[in-house]
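Q: Give the three-dimensional model of this entry:
(one chain, ligands or ions: 2)
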Amino acid sequence: KIKVIFDTDPGVDDAMALLFLHRAPQVDLVGVTTTFGNGRIATTTWNALYLTERFGIDAPVASGTAAPLVGPVPAPTEFVHGANALGDIDLPERITREADPRPAHRFIIDTVRANPGEITIVAVGRMTNLALALREDPAIVGLVREIIIMGGAFGYNGFHGNVTPVAEANIYGDPLAADEVFGGTWPITVVGLDVTQRTQMTTEYLQALAKDGGEVGRFIWDITRFYVAFHHAAGVPNMFVHDSSAVAYLLDPTLFATRRGALRVVTEGLAIGQTIQKPDDYNFPPGAWDDRPSHAICIDVDPARLLALYRRTIVGG
Ligand code: BDR
Ligand code: CA
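A: Ligands and ions are numbered 1, 2, ... in the order given. Next up is the predicted model:
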């Protein structure tokens, strides 16, 4: 089994990705670490505890910090995910699970060190926890099996940013953290808007999940009502598949086409949060980016196969 830490800000599509990981037979979910983003850190951590408790997911939850590496605590994106970040469904007053006493970045370091070469980190929120782990223990770059990141936008397939014309939300929410993470020599694959917006769930697809997917399928239907309405208000007829695309890459990388190259994030000015790759297969003159490690980005996807994998994993059979 693949040992996975899921770094997340649940979040409607984060919850869908967590359930995808939970149902995947080849995955051993060893921890959930939380980031601010779709909600404040107290909200996303509570949601992670609630989801693990409700669905019997046997993994500790460790809370991340409330703010990016620099700058103030940002306002949560309530207009996308709802005030409770789970589409404003009714939630219980109380849960019994409690968070791991360690901060998320320490949990990541300890777990990676206890399982050298075995941990895959699927990161679908702001990159703050990963950057803090890297700052505190730089040697972990050689001990992580793989990092799969949902974030960024590189301009493939006609897709650009979703916060500004060039910036995607997870990167925009802590651009410095993302730039530091991309500067590490750990093996990274980035699953950005170029592919996540190409894969869309229709109402019929979600209805069929609700019908055939038991409690999990019905829960997905409930939490996606608000998220789908947000898409509709933005003129998008179907729902983009962001965070679950990172899980899909983990389960079946042949769904994607990738390109390698050095990665940078713009950390100030008008284009703050923009992700840029200098592809290895393009003959640039030698220059300032040559000391940056090469990482893969996803530039294309097979949406039909990805949606079939998600359905098969949630519904079973
Ligand atoms: C990303 O931002 C969040 O709203 C989603 O959960 C996803 O991780 C998409 O830009
Ligand atoms: Ca997310």
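Q: Can you list the buried residues in the strand ranked longest in the chain?
A: Ordering each strand of the chain by length in residues (DSSP state E) puts strand 256-265 first. Residues of strand 256-265 classed as buried under the neighbour-count rule (16 or more other C-beta atoms under 10 Å) are 256, 258-259, 261-265. C-beta: built from backbone N, CA, C; applies to glycine.
Q: which of those residues lies closest to ligand 2?
A: Val265 (17.1 Å; C-beta to the ion).
Q: can you list the residues of the stretch 101-250 of the chain near ligand 2?
A: 124-125, 243 (C-beta under 5 Å from the ion).
Q: mind putting those in JSON lines, neighbour count included?
A: Converted to JSON lines, those look like this (neighbours: other C-beta atoms under 10 Å):
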{"residue": "Val124", "neighbour count": "30"}
{"residue": "Gly125", "neighbour count": "30"}
{"residue": "Asp243", "neighbour count": "31"}
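Q: can you tell me which of those are up against ligand 1?
A: 124, 243 (C-beta under 6 Å from any ligand atom).
Q: of the residues of the stretch 101-250 of the chain next to ligand 2, closest to Ile297?
A: Val124 (15.5 Å; C-beta to C-beta).
Q: quick one, what contacts that closest one?
A: Val124 sits next to 6-9, 13-14, 17, 149-151, 170, 242-243, 246 when contact means C-beta atoms under 8 Å, 6 or more residues apart in numbering.
Q: and which of the residues you listed is nearest Ile220?
A: Asp13 (10.1 Å).
Q: Please name the residues that touch that closest one.
A: 124, 227, 240-244.
Q: ok, 7 Å please
A: Contacts for Asp13 (C-beta atoms under 7 Å, 6 or more residues apart in numbering) come out as 242-244.
Q: I'd like to know which of those residues is nearest to ligand 2.
A: Asp243 (4.8 Å).
Q: sorry, back to before: for the longest strand of the chain, packing partners?
A: Packing partners of strand 256-265 (3 or more C-beta pairs under 7 Å, 6 or more residues apart in numbering; DSSP states H and E): helix 175-182, strand 275-279, strand 294-301.
Q: ok, and which of those has the densest surroundings?
A: By mean neighbour count, with neighbours taken as mean count of other C-beta atoms under 10 Å, helix 175-182 ranks first of the helices and strands packed on strand 256-265 at a mean of 25.
Q: Can you list the strands that whichever helix or strand comes after that helix pairs with?
A: Counting by DSSP states H and E, the element after helix 175-182 in chain order, helix or strand, is strand 188-191. Strand 188-191 pairs in its sheet with strand 144-150 (parallel), strand 294-301 (parallel), by DSSP bridges.
Q: so which of those strands comes closest to His231?
A: strand 144-150 (16.9 Å).
Q: Just want the angle from that closest one to strand 256-265.
A: 90 degrees (axes from the mean of the first three to the mean of the last three C-alpha atoms, to 10 degrees).
Q: can I get the CA coordinates of whatever helix or strand comes next after strand 144-150 in PDB?
A: Toward the C-terminus, strand 144-150 is succeeded by helix 169-172 as the next helix or strand (DSSP H and E). Extracted C-alpha coordinates of helix 169-172, given in PDB (Å, rounded to 0.1, in the frame of the first residue of the first chain):
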ATOM      1  CA  ALA A 169      -6.100  30.000  -5.100                       C
ATOM      2  CA  ASN A 170      -3.700  27.500  -3.400                       C
ATOM      3  CA  ILE A 171      -0.600  29.300  -4.700                       C
ATOM      4  CA  TYR A 172      -2.100  32.800  -4.300                       C
END
